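Q: based on what follows, work out the 3D shape:
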Amino acid sequence: MVKVASPLYVNHEEENICIVDDGYMWLQQFPSNSNHAITTTFDRNGNIVYTYIDICLRNGEENDIPYMDDLYLDIVVLPSEKTFLLDEDELEEALQNGEIDQTQYDLAWKETNTLMNLLHNGSFKLLNLAQKHKEILEILKLESEEKDK
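A: I've put the predicted structure just below:
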């Protein structure tokens with residue numbers, strides 16, 4: 001984000017966290033054959049300030065643009081390693097309203113429980129790769145800019 005109209009903050013417990021501001025970056029990871037997608041927020045100094053994990057039915061790609069089919073549940077991970085589970089009520093409502101079926105509901109909870117266990121054990125490898133993926137993209141951007149000169 002080069003220049004934003006105004007910063008955007010989210011609150012978790014008593015923490016007020018900026019997730020959008022001038023010079024911030026979002027990195028999205030859509031792992032193949034997985035039921036989650038990850039958005040990592042970096043501040044203008046390149047520090048991770050917020051990680052948001054969407055639980056989804058599937059990840060895919062259409063016209064070279066990645067997408068996910070959301071299953072309502074979300075996990076937030078802060079740099080302090082605190083985790084927050086969000087939107088359980090939305091998942092329940094979606095099941096009650098017929099927006100999802102029991103199989104999708106069960107899949108959402110299974111994926112969430114698996115990821116929460118990995119997070120608590122410190123063994124969720126993709127989460128630890130966000131910084132490396134950002135660095136790779138920055139190198140590719142510099143190389144592309146050099147070619148364009």
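
Q: can you pull out the helices in the protein?
A: Under the criterion DSSP state H, the chain contains helices at 88-96, 102-121, 125-128, 130-148.

Q: of the ones you listed, which shows the lowest average pLDDT?
A: Of all these, the minimum mean pLDDT falls on helix 130-148 (a mean of 80).

Q: closest to residue 10 out of the helices of the chain?
A: Evaluated with Cβ to Cβ, these place helix 88-96 nearest to residue 10, the distance being 16.3 Å. For every residue, glycine as well, the C-beta is placed using N, CA and C.

Q: so for the closest one, what gets flagged as buried?
A: 91, 94-95 (16 or more other Cβ atoms under 10 Å).

Q: so how far is it off the chain centroid?
A: In terms of Cα atoms, centre = their mean, to the nearest Å, the centre of helix 88-96 is set 20 Å apart from its chain centre.

Q: can I get the CA coordinates of it in CSV?
A: The C-alpha trace of helix 88-96 is given here as CSV (Å, rounded to 0.1, in the frame of the first residue of the first chain):
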residue,chain,number,x,y,z
GLU,A,88,-18.1,-19.3,14.9
ASP,A,89,-21.5,-17.7,14.9
GLU,A,90,-21.3,-17.1,11.2
LEU,A,91,-20.5,-20.8,10.6
GLU,A,92,-23.5,-21.9,12.7
GLU,A,93,-25.8,-19.5,10.9
ALA,A,94,-24.6,-20.7,7.5
LEU,A,95,-25.4,-24.3,8.5
GLN,A,96,-28.8,-23.3,9.9
